[in-house]
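Enquirer: The following block contains a protein sequence and its predicted model.
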Amino acid sequence: MSLRRHLGKLLRDAEEDDRLGGVSPSGTAAYTTEVPWPSLWKFAQFAYVAEQYGYRYAGLDPDLRESGTPFFVFRRLPDAAERAARTKKLFPDALGHGRLPGMRAWPAPVLTLPEARGQVKLLHARISVDYYGAVARQRIRPWLIGLPAVFLLFLVVNGELHAAGLRVAGVMVAALLLTVTASRIFMRRRRAARQELLRRAGIRWPP
């Protein structure tokens, strides 16, 4: 899904909330989504654009922490209607092929303008801290039990339950577990680096 299509979904949900009277004056309405792209930077760009329409990135959805997939929440701001009206006036074709707020004029790829890059960078840091933290909380024990069991079953089914087959399976299991462990170490380091960036900017995150 492109950034424009995802933005369109957010705005349609917002209009539906308004139509049904589901938005409180305190701005407690929210939009929840998982990361729809493999790039957290693109998700940060989406978060920047969404805020111009009145929806601010607020971190992981506390109601879906145990879902197994990180879900992120955007809280509707009290002045969301005014923000959306102003942004729609300045960028009337944003959902088509026009320029998005804070982004360059061409439709693809979506590139950030210099004046918005600092804010997008800080949003990217927040999202990274939340995403890597959520992934790190996922249990590794099922991998430790499941991988050897799968390989053992494979050997039994294929009649390869002998010393050579067990050695090959052991090497493959060790390689996969090493990959999982290395990825977790990488994510912890990336998360620490993003937290340091936020700390230098005077931002305490998670709030």
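Expert: Great, that's in hand. Numbers count the residues shown, from 1 in each chain.

Enquirer: List the residues that contact the residue nearest the centre of the chain.
Expert: Taking CA atoms, centre = their mean, the centroid of the chain lies closest to V35, which sits 3.7 Å from it. Taking CB atoms under 8 Å, 6 or more residues apart in numbering as the criterion, V35 is in contact with F43, P70, F72, I127, Y131. Any C-beta I mention is one placed from the backbone N, CA and C, and that applies to glycine too.

Enquirer: Determine which two of those residues are furthest apart.
Expert: Spanning the widest gap among the contacts of V35 are F43 and P70, at 10.7 Å by CB to CB.

Enquirer: Those two: who's more crowded?
Expert: Remark: of F43 and P70, F43 carries more neighbours, 24 against 20, as counted by other CB atoms under 10 Å.

Enquirer: ok, that one touching A50?
Expert: No. Assessed by CB atoms under 8 Å, F43 is found out of contact with A50, at 10.1 Å.

Enquirer: quick revisit: got the phi and psi for the residue nearest to the centre of the chain?
Expert: Recorded main-chain torsions at V35 are phi -70, psi 110, according to degrees, to the nearest 10.

Enquirer: Need the per-residue pLDDT for it.
Expert: Looking at V35, its pLDDT reads 92.

Enquirer: Next one: it from T179, what distance?
Expert: In this view, V35 and T179 are 21 Å apart by CB to CB, to the nearest Å.
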